[in-house]
Every structure is written in C-alpha cells, then in structure tokens.
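Student: how would this look folded up:
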Amino acid sequence: MYTRIDRAHRAIPVILGVLTLLCGTLALAWDVYPALFSPAAHIFFATAALALIAIAYLIYQTVHRPTRQEWLKAILLAIAFLFWAANQFWPNPQQATLFNDIAIALFVLDVFLVMVGWPATSPDESFAETYVEPEK
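Tutor: Okay, the predicted model is just below:
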C-alpha cells in the first residue's frame, strides 16, 4: 500500500535529489561553458547525478513501506540508473556499451511493467493517471 510521507522522512531523499539536480545542472553548464571546468568534470557530474538519484529513490521508497513487488520494481529502476552511471564512467568502450544496453533493457522493462499494471498495488500516478484502490 502506498503511504504518504511527512517532511521529516522526506528530508534525506530530497537533499540527495537537490544534489542530483545540482550535478545535472553542472553537467549542462559544462556543455555550454566547457572552458570553466576540467575535462573530467562532465563525467563526474553525469555519473554522480545518475548514482545519486538511484540512491535517493531507494531511500525514498523505504519510508513508503512498499509491497515486495513494488520493492522489486524500485530496485530494478535503481539498478538501471546505476548501470547508466557505470556507462558514463567506464573507460572501456565495450564494457560501457554493455552497461548501457543493460540500463536500456531495465528502463524498458520498468516502463513495460507500468503499462501492464504490475504490481497491481502500485499507484498509476507516475503516468498522470488517477489511483483507484484495487477491488477486493
């Protein structure tokens, strides 16, 4: 069952989310003004943003007390972000491509599971739909 959380329990995921937004903004700033940063800064900013949002999302989920299936889905999404982060960071192109393909497969699987309504207890709010309590 989906549980709404209060501000105190949201603090850590929100702080990590703000750091994620900062890293994403700095990655975009690097694109516009690369001379202001070291050449390796972009890789750091992009990798950090992806890894931080994965961690923030898992922490966010812990206070919702999701069902086992919802936990599995949250972990799947976090792993996809971590593989995407590894793809950004990894120096070996062949391994980076593998990590990218794994991330793509996991993101596709995540969206597919949303489309088919798995798990059935998940609210559909992420797709701008109204949540209706499952019939018992």
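
Student: helices or strands up against the helix-or-strand element of the chain with minimal mean pLDDT?
Tutor: Here the helix or strand of the chain ranked lowest by mean pLDDT, DSSP states H and E is helix 7-32, holding a mean of 93. Contact here means 3 or more Cβ pairs under 8 Å, 6 or more residues apart in numbering; DSSP states H and E; on that basis helix 7-32 packs against helix 41-62. Every C-beta, even on glycine, is put in place using the N, C-alpha and C of the backbone.

Student: Just want the angle from the helix it packs on to helix 7-32.
Tutor: Calculated by axes from the mean of the first three to the mean of the last three Cα atoms, to 10 degrees, helix 41-62 forms an angle of 160 degrees with helix 7-32.

Student: ok, then the element right after helix 41-62?
Tutor: helix 68-89 (DSSP states H and E).

Student: Beyond that next one, next helix or strand please.
Tutor: helix 93-116.

Student: Neighbours of Leu106, how many?
Tutor: Leu106 is flanked by 19 other residues according to other Cβ atoms under 10 Å.

Student: tilt between the least confident helix or strand of the chain and helix 68-89?
Tutor: 30 degrees.

Student: Distance check, the residue positioned nearest the centre of the chain against Val116.
Tutor: In the chain, the residue lying closest to the centroid (Cα atoms, centre = their mean) is Ala54, at 4.2 Å. Ala54 sits 23 Å away from Val116, taking Cβ to Cβ, to the nearest Å as the criterion.

Student: Now for Tyr57: which residues touch it?
Tutor: Pro13, Ala74, Leu77, Ala78, Phe81 (Cβ atoms under 8 Å, 6 or more residues apart in numbering).

Student: And the pLDDT at the fourth one?
Tutor: At Ala78, the model reports a pLDDT of 97.

Student: Perfect, that will be all.
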